[in-house]
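> 3D model of this:
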Amino acid sequence: MRCSSALLAASLGGHVECARLLLAAGADVNYAGVHGCTALMIASARCDEADTDFPGAYVARTSAPACARIDLLTVLLEAGADANHPEAEGGTALLSASSEGHADCTRLLLEAGVDVNHAE
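Residues are numbered from 1 along each chain as shown. Model prediction:
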């Protein structure tokens, strides 16, 4: 799978420490890839298998464990990630997390103040 930034790649792989290092070095936490997907959207999505149906064909599912997903979401949110940013088709991090049944991610995004009424 191809990513258009190092932070997107770190998020895809669930690499929390790499994401921290990239953000400390100035990576744009709200950078959106070709189809508008951000690192937060990637981290919010399902983490068990590759998914080439998601816009950009490089996001959505990884082999990252659930605990890394929460740690990564926390790092990205603390760095100022826009939890309401929509991708090209209108989806958001909350939509990714809730549609995949990730209550832990959904809870964290809600605590961060995400707009629950955003519609695609």
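> name the next helix or strand downstream of the worst-scoring helix or strand of the chain on mean pLDDT, please.
When each helix and strand of the chain is scored by mean pLDDT, DSSP states H and E, helix 66-78 comes last, with a mean of 83. Next helix or strand after helix 66-78 toward the C-terminus (DSSP states H and E): helix 93-99.
> how far does that following helix sit from its chain's centre?
Between the centre of helix 93-99 and the centre of its chain there are 10 Å (C-alpha atoms, centre = their mean, to the nearest Å).
> other SSEs contacting the helix or strand following that helix?
Remark: after helix 93-99, the chain's next helix or strand is helix 103-111, criterion DSSP H and E. Applying 3 or more C-beta pairs under 8 Å, 6 or more residues apart in numbering; DSSP states H and E, we find helix 103-111 packed against helix 39-44, helix 66-78, helix 93-99. C-betas here are computed from N, CA, C, even on glycine.
> can you list the buried residues in the longest one?
By neighbour count, and taking 16 or more other C-beta atoms under 10 Å as the criterion, the buried residues in helix 66-78 are 68-73, 75-77.
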